[in-house]
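can't give you the sequence, but here's the structure:
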């Protein structure tokens, strides 16, 4: 596929020097799937795939300087958002994006803590979160993240509840009762995605990679269900690509 034929997809998230997570991993995923990825950096992190030392957040002014020129020049099909400093910044980002391109699809992967256990957000306001979700098309939390988003202990009820405001793709990597089983919630309606098989491997940045894969397949005009299935297959193959925390992105064109 020629570059001019590829839909544009934007990744907004942190820079990970190891390349296993954040905007670098997103761009690797997008390239392998066949879309043209671009990025806006929300933070500079100091980490490897198994050790996190800290990060520096970009200011709103710095974010605006990155976002403005590419949003004015390129017509993005989908934007994927990863780590953000707080919900106020998230709200500003999504409202800004919609101002530039009202019909763009927004996917938010709500990263609460890093693979190595560093907490990015200690407490989120559920009510303030609701005011943001109306601007977002899909969120892709895992089992632990959705509990943090809602403050409730029942994971499936939490996902169902959030689906009143946005679509929820609940990743099942931490689903102890049915490992690897994912769920999509749309206004209370539930669709289960059964894994073709369960990988025994873990990877740094797997959540980033899944959501950027979903963004890419949607940009390529896959239906939502087909994009979910293709993204689940992509991340499973990525998990199995090595025996380490850093994986290999295989071409899936």
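Looks like it came in fine. Since we're looking at a predicted model, the values are computed, not measured.

quick one: low-confidence parts of the chain?
Across the chain, the ranges flagged by pLDDT under 70 are 1-4, 113-118, 121-122, 173-174, 176, 252-253.

Does anything pack onto the longest strand along it? Which helices or strands?
As assigned by DSSP state E, the longest strand anywhere in the chain is strand 36-47. Applying 3 or more CB pairs under 8 Å, 6 or more residues apart in numbering; DSSP states H and E, one finds that strand 36-47 makes contact with strand 8-15, helix 22-33, strand 52-57, helix 60-73. (Glycine included, C-beta is placed from N, CA and C.)

out of these, which comes closest to residue 110?
Between residue 110 and those, the shortest gap by CB to CB is with strand 8-15, which sits at 11.5 Å.

Report all helices and strands that the closest one contacts.
Against strand 8-15 (3+ CB pairs under 8 Å, 6+ apart) you get helix 22-33, strand 36-47, helix 60-73, strand 76-81, helix 206-219.

Dump those to TSV, plus distance to residue 94 and mean neighbour count.
Listed next are the helices and strands packed on strand 8-15 as TSV, based on distance: least, CB to CB, whole Å; neighbours: other CB atoms under 10 Å:
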stretch	distance to residue 94	mean neighbour count
helix 22-33	17	24
strand 36-47	13	20
helix 60-73	11	14
strand 76-81	7	26
helix 206-219	14	28
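
Just put the ones you listed in TSV and tack on distance to residue 193.
Shown next, in TSV, are the helices and strands packed on strand 8-15 (distance: least, CB to CB, whole Å):
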stretch	distance to residue 193
helix 22-33	18
strand 36-47	24
helix 60-73	32
strand 76-81	19
helix 206-219	11
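
and the longest strand of the chain, which strands flank it?
strand 8-15 (parallel), strand 52-57 (antiparallel) (DSSP bridges).
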